[in-house]
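Engineer: Got a predicted model here, sequence first, then my questions.
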Amino acid sequence: MLLTLTTTHQPATDLGFLLHKNPGRVHEAPLSFGRAVLFYPELSESRSTFAMLLDIDPVALVRGKGRGSQGLFDQYVSDRPYVASSFLSVAIAKTLRNALNGSSKERPDLAAKAIPLSARVLPLPVRGAEDLVERLFKPLGYNVEIESIPLDAKLSYLGDGWDVSPYVCLNLSGTVKLSELLSHLYVLIPVLDKQKHYFVDRNELEKLVAKGESWLGGHPEKELIANRYLRFKRSWTREVLARLAFDEAIAEEAASELSVSSSGYGSGEGHAGGEDTGEPREARKDAAEEALERPIRLHELRLETVAEKLKELGARRVVDLGCGSGKLLKRLLAEMQFSEIVGIDVSSGSLENAARRLRLDTMPGKQRARIRILQGALTYRDRRIEGYDAAALVEVIEHLDSDRLSALERALFEFARPEHVIVTTPNREYNAKFEGMAPGQLRHADHRFEWTRQEFAKWAEPVAERFGYQVELSGIGDSDEEFGAPSQMAVFARVG
Ligand code: SAH
């Protein structure tokens, strides 16, 4: 089966940087179920095309070498090796991971930008309503063209239904970010096919929330998508939809909170909550409680813990250092205690994402006045972040080379000198509990180090001592008896 991606963004040769695949050669990636061959059939300044050819080994599938092949491949006659399916999603995740996550070392700005892109997938099995492909892709802003692929006429002797081919060639085009296009394909191809080649567990739920974060919540077919993606586990579908709605609600409320009159959080214009517009704050509390009772993602838990801590410390003017795509900023904005919120990051692509997540361009004036996002490096003294009540560094320090860490320590604790500093970082000991992690492997490709609890203390305590702070260390997430909690947090308080 074949997936091609074409751009006419100029210079179109940048596609190689976006995909992290050198256009100068053919790449071959081994997969548990076969191999992917990646190459550029077309490459010029005005138009470039990337192709992924999946070569699935049908014999390996039958033998059960392909993961989770139980039951699906009980015979040699199967369409699996030849069609676009969950195998293609796995191949995208494995071979185009950075592009799928929206990161590009060489062209970070372009990765964060919507560009003219088209995709062609063939053959794609579509099971269900005839207009399903349009219903799934059109609301995402694509032009959709479908070519049907007729079955071999000889097969019609097999009986009713066999002459109607479920296979199509799908052509999508639009102006989108490459990461968006890839996550749409990643989620929607198995949805169209209605099958997965592996057992669907809770991990799939997390994947769907992560991959659908920026678009699924607003999709008119979100229920059908989640249902099919999660193999009709209705309680999971409800959970996914509630989590996506919770995210949306916070953004919407944050955007509308200050547009309402001083009489309270009434039904201000622009509040698109839909339901209990009289009491959005209460509604949010309910949603928050519901969200807390569900097992939540570690990163959400971290953000929640840090936001709560900042509230508890009584901070009003706060800086989020290494704010990334603005997830913490969004939470802080929803809390009126924070009168001034500043996000800083070195990556302009991340800042663009943050601006989008926060809907800065349409934010009402008073609300807009509470927040700023700035580009800056944390390893240099920066007068713009001096004099704040608190600074948060959520999952940032492990991205710095160890020798740059001392520069950050001075810039932060000696010069910016906020009253409180909250730092979170992974607890490396807990990695032993993550399935599929090789010993010594780090959680993220860009991490320069991950610390044990002892190593974190060995960093935090002398830093506190040197710069006149006290520090308290704690864990975030359910603690394992032997390995501790999955994440760890240090709260520094300035002495005097
Ligand atoms: N705090 C965010 C993002 C964590 S990822 C969150 O929790 O979601 C780490 C972030 O730190 C990235 O966005 C990266 O661009 C930023 N970063 C890494 N080194 C930096 C530096 N020297 N100066 C400023 N930002 C940096």
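Structural biologist: The structure has been received and is ready for your questions.

Engineer: near the ligand, which residues of the chain show up?
Structural biologist: 322-324, 327, 345-347, 350, 377-379, 394-396, 399-400 (Cβ under 6 Å from any ligand atom). Just so you know, the C-beta spots here come from the backbone N, C-alpha and C atoms, and that holds for glycine as well.

Engineer: Tell me the pLDDT of the most centrally placed residue in the chain.
Structural biologist: Geometric centre of the chain, nearest residue: A210, 4.5 Å, by Cα atoms, centre = their mean. For A210, the pLDDT comes out at 87.

Engineer: Look up the closest residue to it, ignoring the ones flanking it.
Structural biologist: Spatial nearest neighbour of A210, excluding adjacent residues (Cβ to Cβ, 6 or more residues apart in numbering): R297 at 7.9 Å.

Engineer: Return the residues in contact with the one you found.
Structural biologist: 206, 209-210 (Cβ atoms under 8 Å, 6 or more residues apart in numbering).

Engineer: Now the closest residue to L88 other than its chain neighbours: which helix or strand?
Structural biologist: In space, L88 comes closest to I189 once its chain neighbours are excluded; the distance is 5.6 Å by Cβ to Cβ, 6+ apart. Assigned by DSSP states H and E, I189 belongs to helix 178-193.

Engineer: Any figure for the gap between Q470 and E419?
Structural biologist: 12 Å (Cβ to Cβ, to the nearest Å).

Engineer: So which bits of the helix or strand following the helix holding I189 are buried?
Structural biologist: Downstream of helix 178-193, the first helix or strand assigned by DSSP H and E is helix 202-212. In terms of neighbour count (16 or more other Cβ atoms under 10 Å), helix 202-212 has its buried residues at 204-209, 211-212.

Engineer: Determine the number of other residues adjacent to P123.
Structural biologist: Neighbourhood size, P123 [other Cβ atoms under 10 Å]: 20.

Engineer: Compare Q470 and E419 and say which is more crowded by neighbours.
Structural biologist: E419 (17 against 12).

Engineer: from memory the more buried one sits against A390, does it?
Structural biologist: Yes: if you go by Cβ atoms under 8 Å, E419 and A390 touch, sitting 6.3 Å apart.

Engineer: any shared contact partners between these two?
Structural biologist: 313, 315.

Engineer: Please tell me how far the residue in the stretch 151-300 of the chain that the ligand sits nearest to sits from S487.
Structural biologist: Using Cβ to the nearest ligand atom, H299 is the residue of the stretch 151-300 of the chain that sits closest to the ligand, at 6.6 Å. Look at H299 and S487: by Cβ to Cβ, they are 9 Å apart.

Engineer: what's the answer for G314, then?
Structural biologist: G314 sits 24 Å away from S487, taking Cβ to Cβ as the criterion.

Engineer: who's more crowded, these two?
Structural biologist: Remark: of G314 and S487, S487 carries more neighbours, 22 against 11, as counted by other Cβ under 10 Å.

Engineer: in the stretch 101-250 of the chain, which spans are strands?
Structural biologist: 115-125, 143-148, 167-176 (DSSP state E, counting those that start in this stretch).

Engineer: Save these as CSV, and put in distance to F449 and mean pLDDT too.
Structural biologist: What follows is the strands of the stretch 101-250 of the chain, written out as CSV (distance: least, Cβ to Cβ, whole Å; pLDDT from 0 to 100):
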stretch, distance to F449, mean pLDDT
strand 115-125, 35, 92
strand 143-148, 46, 89
strand 167-176, 35, 91
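
Engineer: Export those as a markdown table, with columns for distance to L88.
Structural biologist: Formatted as a markdown table, those follow (distance: least, Cβ to Cβ, whole Å):
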| stretch | distance to L88 |
| --- | --- |
| strand 115-125 | 7 |
| strand 143-148 | 17 |
| strand 167-176 | 11 |
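
Engineer: list the contacts for the residue nearest to V240 when sequence neighbours are not counted?
Structural biologist: In space, and not counting its chain neighbours, V240 is closest to A226: 4.8 Å by Cβ to Cβ, 6+ apart. Neighbour list for A226: 208, 216, 236-237, 240-241 [criterion: Cβ under 8 Å, 6+ apart].

Engineer: cool, R234 as well?
Structural biologist: Each residue near R234 by Cβ under 8 Å, 6+ apart is listed here: N227.

Engineer: List phi and psi for the closest residue to V342 other than its chain neighbours.
Structural biologist: The spatial neighbour of V342 that comes closest, neighbours along the chain excluded (Cβ to Cβ, 6+ apart), is V319 at 4.6 Å. The phi/psi pair for V319 (degrees, to the nearest 10) reads phi -120, psi 140.

Engineer: dump the residue contacts of V319.
Structural biologist: 341-344, 385, 388, 390-392, 416, 418.

Engineer: what does L313 give?
Structural biologist: Taking Cβ under 8 Å, 6+ apart as the criterion, L313 is in contact with 389-390, 419-420, 491.

Engineer: now those residues in TSV, with secondary structure?
Structural biologist: Formatted as TSV, these follow (DSSP: H, G, I helix; E, B strand; the rest coil):
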residue	secondary structure
D389	coil
A390	strand
E419	coil
H420	strand
V491	strand
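
Engineer: and the closest residue to the ligand within the stretch 51-200 of the chain, what pLDDT?
Structural biologist: Nearest residue of the stretch 51-200 of the chain to the ligand, counting by Cβ to the nearest ligand atom: P108, 8.9 Å away. P108 carries a pLDDT value of 90.

Engineer: Could you single out the nearest of the contacts of R297 to K113?
Structural biologist: For these, the residue nearest K113 by Cβ to Cβ is A210; the value is 21.3 Å.

Engineer: Quick check: that closest one vs D446, distance?
Structural biologist: Separation of A210 from D446 (Cβ to Cβ): 17 Å.

Engineer: ok, and the closest non-adjacent residue to the residue of the stretch 51-200 of the chain closest to the ligand?
Structural biologist: Closest to P108 by Cβ to Cβ, 6+ apart is G349, at 4.1 Å.

Engineer: Looks to me like the one you found is in a strand.
Structural biologist: No: G349: not assigned to a strand; according to three-state DSSP it is helix.
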